[in-house]
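> Predicted model and sequence follow; I will ask about them next.
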Amino acid sequence: MSRLAAVDLTLQLTKSEAKAQLAAAQERLVGLRLLLGGQIGPRTVGPPLCVLFEGWDASGKGGAITRLVDHLDPRHVRVAQFAAPTADEKRHHFLWRFWPVLPGWGGMAVLDRTWYGRVLVERVEGFATEEAWGRAYREITDLETTLAAEGMILVKFWMHLSEEEQLRRFESRQADPYKAWKLTDEDWRNREKRPEYEAAVEEMLDRTDRPGAPWHLVAAEDKRSARVAVVRTVCEAIESALAARGVDVDAALLGRVPVRAAQE
């Protein structure tokens, strides 16, 4: 079974369940973010955190990003959106335009679309040669391996939903004057190439899922459960990274910092 087919799209949360679970996850993330930024706990900056979002059109990336960052101090997180490269950006290596937004130690960045465009839309639509997108898998894994070795926490999301739910959301957007701007002719064209995109996604997942930069497939059929899953996954990634560095996360969040950790 393919990885996309294995995603359980039946996951659902009621409005009350989602509200309670999301609030708890967001509160946890606020503390973890302050811990990474050196504002609480040992008062030393932690590793950089970079959250990458990819997914089907209308899969809820924007809504998930909003819930991920809206409780954080805006000075402590950068959200960057990437569309098709400009004429000037095309003059450089495809990874060049992403470097300026990558976070340093103590920082956090969220990328709405990423360098994976080279092996997804650029591959399927023919904007990159087969040689170029075929080479990109190694270039991307080399980049992510380097960043992870330097200490960066990389959290990569693929927001997955069914073709039927995507159509429902497209039609809903089309009928809403305040959301119609989100829907373009390109979105409809891309939808017609769903099989080609699925093949590209599967190869991307297979060739770029690494211990330091694993993929997290989020069932996005139900927006509520997807948003909770995103915030929880980021929290878990931070906790795991800090624990690996010998930080007692719960003690640090409560201000009970072990002497050894504080001295380090």
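Arrived safely, thanks for sending. Numbering: from 1, shown residues only.
> Going by C-alpha atoms from here, please, whenever you check contacts or count neighbours.
OK.
> Which residue ranges of this protein form helices?
15-36, 61-69, 121-124, 130-150, 163-175, 185-192, 194-208, 223-244, 249-253, 259-263 (DSSP state H).
> Go through those helices and name the closest to Gly104.
The closest of the helices of the chain to Gly104 is helix 130-150. By Cα to Cα, the value is 10.2 Å.
> Figure out how far that closest one is from the centre of its chain.
17 Å (Cα atoms, centre = their mean, to the nearest Å).
> tell me which residues of it are tucked away?
133, 136-137, 140-141, 144-145, 147-148 (16 or more other Cα atoms under 10 Å).
> Also stretch 30-47?
30-38, 40-42, 44-47.
> now, which of the buried residues of helix 130-150 sits nearest Cys235?
Ala148 (17.2 Å).
> which stretch in the helices of the chain has the least confidence?
Confidence, taken as mean pLDDT, is least for helix 259-263 of the helices of the chain (a mean of 36).
> quick revisit: now the buried residues of helix 130-150 as a markdown table including distance to Met1?
As requested, the buried residues of helix 130-150 are arranged in a markdown table below (distance: Cα to Cα, whole Å):
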| residue | distance to Met1 |
| --- | --- |
| Trp133 | 25 |
| Ala136 | 25 |
| Tyr137 | 22 |
| Ile140 | 25 |
| Thr141 | 24 |
| Glu144 | 27 |
| Thr145 | 27 |
| Leu147 | 31 |
| Ala148 | 29 |
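> among the helices of the chain, which is nearest Ala109?
Here helix 61-69 is closest among these (Cα to Cα), at 9.9 Å.
> Tell me how far Val218 lies from Leu13.
14 Å (Cα to Cα, to the nearest Å).
> likewise Gln21?
9 Å.
> now swap in Val51 and tell me
24 Å.
> Which of those two has more residues huddled nearby?
More crowded of Val51 and Leu13, by other Cα atoms under 10 Å: Val51, with 21 against 15.
> Pull the contacting residues for that one.
108-111, 154-157, 234 (Cα atoms under 8 Å, 6 or more residues apart in numbering).
> Farthest-apart pair in those residues, please.
Longest span within the contacts of Val51, Cα to Cα: Met108 and Phe157, 15.7 Å.
> Could you check which of these two has the larger neighbour count?
Met108 (24 against 20).
> That one reaches Val45, doesn't it?
No: between Met108 and Val45 there is no contact under Cα atoms under 8 Å: 11.5 Å.
> I'd assumed Leu32 was in contact with Ile238.
Yes: shown here, Ile238 and Leu32 form a contact pair, counting by Cα under 8 Å, at 7.1 Å.
> wait, which of the buried residues of helix 130-150 is closest to Leu242?
Nearest to Leu242 among the buried residues of helix 130-150, with distances taken as Cα to Cα, is Ala148, at 13.5 Å.
> Please name the bridge partners of Gln81.
In this entry, Gln81 is beta-bridged to Asp112, by DSSP bridges.
> who touches it in this structure?
Counting by Cα under 8 Å, 6+ apart, Gln81 has contacts 111-113.
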